[in-house]
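Chemist: heads up, no residue letters with this:
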C-alpha cells in the first residue's frame, strides 16, 4: 500500500481502536455510574469537571451514556457487516453460478433494493419487538442486497476464467469450485464492501433510534440520546452535540478504513 493510502488507514484504525477502548472501558471511565440512573435535581446540567458532558433532561450522566452508546453502535456495525456480508455472499454466489436460479433470486433482490433501507428497517421494526438483536436483523436485511449484487457480478466475472473452467471440466464438485476457486478471488471486493456496510449500519441504527423505531430508550444509544435532546438543542446543545460528535467520528473512522482498503485492492490503482 502506498503512503497516501497508509495514512487514512492508520487514522481510521486509530479512531476505531479508540472507540472500542471507550466502549469496553465504559464502566471504568464512567466511574461506575449507572447510565440509567435518574437524578431529577441535576437535570440538564452543562459540562463540568465532575460531569464532562453534562446531564440530560432526566439528570442522567451524559458522559457515561455516550460511552455505553459506543457499545451499541460498534456492535450493530460489526454485527450487520458480518451477517449481511455472509448472507449476501452466499446468495450472490448461488445466483452468479447457478444460472437457473439467477433470475428468481435477483428479482427478489431487486424488490428489496426498490425499498429505501430506512423505510424497510422501520417496517421490519414495526412488526418486531424493539431490541438490539432485532435492530441488527432488520438492518442486515436492508443491507444484504448490496452484497448479493456485488457477489453475483464478481462470480460471473471470475467464472469465465480459465482456472475455473478447468475445474468444471475436471468434474470438481460445485461447492469446491465456489469455495476454493471463486470465493478467494472475490473476497477482497466483498471485504471492502463490508466496511462501508458497517458505516451505513451505524448511521441507520442512529436514525432508527432517533425516530423511536430502534433501540429501546432504556438502552443508551447515540440515536436515542440525540432524540432526547432535540427539544432543547437551542438552549442545551450539549445533550445533542456530544453523541452526534461521537457518531460522526466513528463513521469517519470506518469510512477511512474502507477507502484505504478500496485503494489497496483496486486493480487500477497505482
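Modeler: Looks like it came in fine. The structure presented is a predicted model; accordingly, all values stated were derived computationally and were not measured.

Chemist: Tell me where the stretch 101-250 of the chain has helices.
Modeler: 117-126, 132-159, 162-169, 174-176, 183-210, 222-229, 238-265 (DSSP state H, counting those that start in this stretch).

Chemist: Which positions within the fifth one qualify as buried?
Modeler: Neighbour counts over helix 183-210 (16 or more other C-beta atoms under 10 Å) mark 183, 186, 188-190, 192-210 as buried. Just so you know, the C-beta spots here come from the backbone N, C-alpha and C atoms, and that holds for glycine as well.

Chemist: Give the rounded mean pLDDT of stretch 61-73.
Modeler: On average, the pLDDT along stretch 61-73 is 93.

Chemist: So what touches it?
Modeler: Contact partners of stretch 61-73, identified using C-beta atoms under 8 Å, 6 or more residues apart in numbering, comprise 19, 22-23, 25-26, 29-31, 33-35, 37, 51-56, 132, 202, 205-206, 215, 219-222, 225, 238-239, 242-243, 246-247, 250.

Chemist: Give the closest residue to residue 37 in space, chain neighbours not counted.
Modeler: residue 60 (6.2 Å; C-beta to C-beta, 6 or more residues apart in numbering).

Chemist: residues contacting that neighbour?
Modeler: Residue 60 neighbours (C-beta under 8 Å, 6+ apart): 35, 36, 37, 38, 39.

Chemist: what do you get for residue 233?
Modeler: 239, 240.

Chemist: now with 10 Å?
Modeler: 226, 239, 240, 241, 244 (C-beta atoms under 10 Å, 6 or more residues apart in numbering).

Chemist: Just give me the closest of the residues you listed to residue 12.
Modeler: residue 244 (19.4 Å; C-beta to C-beta).

Chemist: so how many other residues sit close to the closest one?
Modeler: The tally of other residues near residue 244 (other C-beta atoms under 10 Å) stands at 18.

Chemist: That one touches residue 53, doesn't it?
Modeler: No: with contact defined as C-beta atoms under 10 Å, residue 244 does not reach residue 53; the gap is 11.8 Å.

Chemist: which residues do the two both contact?
Modeler: residue 225.

Chemist: Quick check: closest non-adjacent residue to residue 130.
Modeler: Per C-beta to C-beta, 6+ apart, closest to residue 130 is residue 216, 4.8 Å.

Chemist: Can you name the residues that contact residue 115?
Modeler: 121, 123, 142, 145.

Chemist: just residue 116 next, same as before
Modeler: 122, 142.

Chemist: Give me the phi and psi angles of it.
Modeler: Backbone torsions of residue 116, given as degrees, to the nearest 10, read phi -50, psi 140.

Chemist: how close does it sit to residue 87?
Modeler: Distance of residue 116 to residue 87, given as C-beta to C-beta, to the nearest Å: 20 Å.

Chemist: Residue 15 too?
Modeler: For residue 15, the distance to residue 87 - C-beta to C-beta - is 28 Å.

Chemist: hmm, which two among the contacts of residue 60 are most spread apart?
Modeler: 35 and 39 (12.2 Å).

Chemist: Look through the chain and tell me its longest helix.
Modeler: helix 62-97 (DSSP state H).

Chemist: now residue 212: how far from residue 231?
Modeler: 13 Å.

Chemist: Between those two, which is the more surrounded one?
Modeler: Neighbours were counted for residue 212 and for residue 231 using other C-beta under 10 Å; residue 212 has more, 15 against 12.

Chemist: Which residues are in contact with the spatially closest residue to that one that is not a sequence neighbour?
Modeler: Nearest non-adjacent residue to residue 212, counting by C-beta to C-beta, 6+ apart: residue 227, 6.8 Å away. With contact taken as C-beta under 10 Å, 6+ apart, residue 227 is in contact with 206, 209, 210, 211, 212, 214, 217, 221, 240, 243.
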